[in-house]
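Colleague: Below is the sequence, then the predicted model.
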Amino acid sequence: MPKNKRPSRQAGRFTPSNFSGQHLIRDKSLVRRMIELARLSPQPLMLDIGAGAGALTLPLAQEGWQVLAIENDPRFAEKLRGKIGEAEGIRLVGADFLEMPLPRKPFGVVANIPFAITTAVLGKLMDHPAVPFRQGVLIVELGAARRFTSDPVTQARILGWRMQFDLKLTEPISPDCFSPPPRVQCAILTVRRKKEPLVRPSDHARFMGLVTQALRVPGAPLHVVLGLWFTPAQLKHLVKLLRVDRSAPVGALNERQWAAVFETMIRHVEPYRWPKAGGLSKR
Ligand SMILES: C[S@@+](CC[C@H](N)C(=O)[O-])C[C@H]1O[C@@H](n2cnc3c(N)ncnc32)[C@H](O)[C@@H]1O
């Protein structure tokens, strides 16, 4: 049995489930749409994460991009190698994206990623602002796209991404665009690095330390949570600045308000009271 195929019981028999998320794009208009979106902020180098049989790899190269295609299933990698042949501008890596080193020069991503590792893939691209990821056009589960883009943001990790990047649920896509069709609705998620991040990249780890602790209980009242670090007088000033009720849930703050909380902490709270920097995955 291939490494990534988990057996599942179906109609009394063991059948391999599609654990690697091998839902290949079969609708060419979807490929054209993704390329159109990628052109809005082009990078010379594009990563196709989970390249499969090359539905995106080859059209991207034909449009003039240098493409780094990554595929960890050796059968697909071999098939794709044959298809690429002498085509220029494509490098194929047969590896697990989550384990491989990332390019050091700026890059974008255009990919139909396996849904099972969506958060891990996005984390590898966006947890650390020093990673030179600039923009992405990604097919993800509709539910995940909603979670990444909706307000309020109650998960520290997603908040961290949104301080550095604009994430947008661009459009829903029908499962019929894929073969075999996934059981869930899908969407195009576009990501673009902000020109002006809401927190300086050099402060990102410190910011993550604050929000990881502050959002442990997103429903807790703001004054109770922020009272861990701010004095009553500082808190009074902060609540006024944020224009919120001091009893509002801490998880109701938006990105700009979090930027203001952080800035106020750096300016007015004595460093020995700051929460420990952290909350980042390993690179
Ligand atoms: C949803 S399919 C997309 C295939 C192709 N890009 C397309 O759109 O037709 C996801 C692909 O990712 C590959 N894959 C799964 N996990 C991976 C990983 N950790 N690293 C690299 N590729 C992976 C699967 O083998 C599969 O080919």
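Modeller: Arrived safely, thanks for sending.

Colleague: Give me the residues contacting stretch 93-111.
Modeller: With contacts defined as Cβ atoms under 8 Å, 6 or more residues apart in numbering, stretch 93-111 is touched by 34-35, 38, 41-43, 45-51, 56, 60, 68-72, 74, 77, 117, 120-121, 124-125, 131-139, 191. In short, each C-beta sits where N, CA and C put it, glycine included.

Colleague: That one and the ligand, any residue contact?
Modeller: Yes. Contact of stretch 93-111 with the ligand (Cβ under 6 Å from any ligand atom) involves 96, 97, 98.

Colleague: okay, the second one: pLDDT?
Modeller: What that stands for is residue 97. The model reports residue 97 with a pLDDT of 98.

Colleague: re earlier: ranking the residues of stretch 93-111 next to the ligand by neighbours, who comes first?
Modeller: Per-residue neighbour counts (other Cβ atoms under 10 Å) across those peak at residue 97, which has 23 neighbours.

Colleague: That one: what secondary structure?
Modeller: Put simply, residue 97 is coil when judged by DSSP: H, G, I helix; E, B strand; the rest coil.

Colleague: Look up phi and psi at it.
Modeller: Dihedral pair for residue 97: phi -60, psi -40, per degrees, to the nearest 10.

Colleague: ok, now residue 43?
Modeller: Residue 43 adopts backbone torsions of phi -120, psi 150, taken as degrees, to the nearest 10.

Colleague: Check residue 134 too.
Modeller: phi -110, psi -40.

Colleague: go on, residue 173?
Modeller: phi -130, psi 140.

Colleague: Out of the contacts of stretch 93-111, which end up buried?
Modeller: In the contacts of stretch 93-111, burial by neighbour count holds for 34-35, 38, 43, 45-51, 56, 60, 68-72, 77, 117, 121, 124-125, 131, 133-139, 191, counting by 16 or more other Cβ atoms under 10 Å.

Colleague: related to what we said a few turns ago, could the residues of stretch 93-111 next to the ligand be laid out in a markdown table, adding distance to residue 179?
Modeller: Conversion of the residues of stretch 93-111 next to the ligand to a markdown table gives the following (distance: Cβ to Cβ, whole Å):
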| residue | distance to residue 179 |
| --- | --- |
| 96 | 24 |
| 97 | 22 |
| 98 | 25 |
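
Colleague: Let me know the closest of those residues to residue 185.
Modeller: Each of the residues of stretch 93-111 next to the ligand was scored against residue 185 by Cβ to Cβ, and residue 97 proved nearest at 23.7 Å.

Colleague: so how far is residue 238 from the closest one?
Modeller: From residue 97 across to residue 238, the span is 41 Å (Cβ to Cβ, to the nearest Å).

Colleague: next one: residue 106
Modeller: 36 Å.

Colleague: out of the two, which sits in the more crowded spot?
Modeller: Comparing residue 106 with residue 238 by other Cβ under 10 Å, the one with more neighbours is residue 238, at 21 against 14.

Colleague: what's the closest non-adjacent residue to the more buried one?
Modeller: Among residues not flanking residue 238 along the chain, residue 264 sits closest, at 5.4 Å (Cβ to Cβ, 6 or more residues apart in numbering).

Colleague: Which residues are in contact with the closest residue to the ligand within the stretch 101-250 of the chain?
Modeller: Using Cβ to the nearest ligand atom, the closest approach of the stretch 101-250 of the chain to the ligand is made by residue 112 at 3.3 Å. Residues in contact with residue 112 (Cβ under 8 Å, 6+ apart) are 23, 24, 25, 50, 52, 55, 56, 138, 139, 178.

Colleague: Against the ligand, how distant is the residue nearest to the last one when sequence neighbours are not counted?
Modeller: Translated: residue 178. Counting by Cβ to Cβ, 6+ apart, the nearest residue to residue 178 once its immediate chain neighbours are dropped is residue 23, at 4.0 Å. Using Cβ to the nearest ligand atom, to the nearest Å, residue 23 is found at 5 Å from the ligand.

Colleague: Any chance of the backbone angles for residue 172?
Modeller: Dihedral angles for residue 172 - degrees, to the nearest 10 - are phi -70, psi 160.

Colleague: Near it, how many other residues are there?
Modeller: 12.

Colleague: quick check: mean pLDDT across stretch 213-229?
Modeller: Here the average pLDDT along stretch 213-229 is 97.

Colleague: how long is that stretch end to end?
Modeller: By Cα to Cα, to the nearest Å, the extent of stretch 213-229 from end to end equals 11 Å.

Colleague: got a list of what the most centrally placed residue in the chain touches?
Modeller: Nearest residue to the geometric centre of the chain (Cα atoms, centre = their mean): residue 122, 2.8 Å. By Cβ under 8 Å, 6+ apart, the contact list for residue 122 reads 138, 148, 161, 191.
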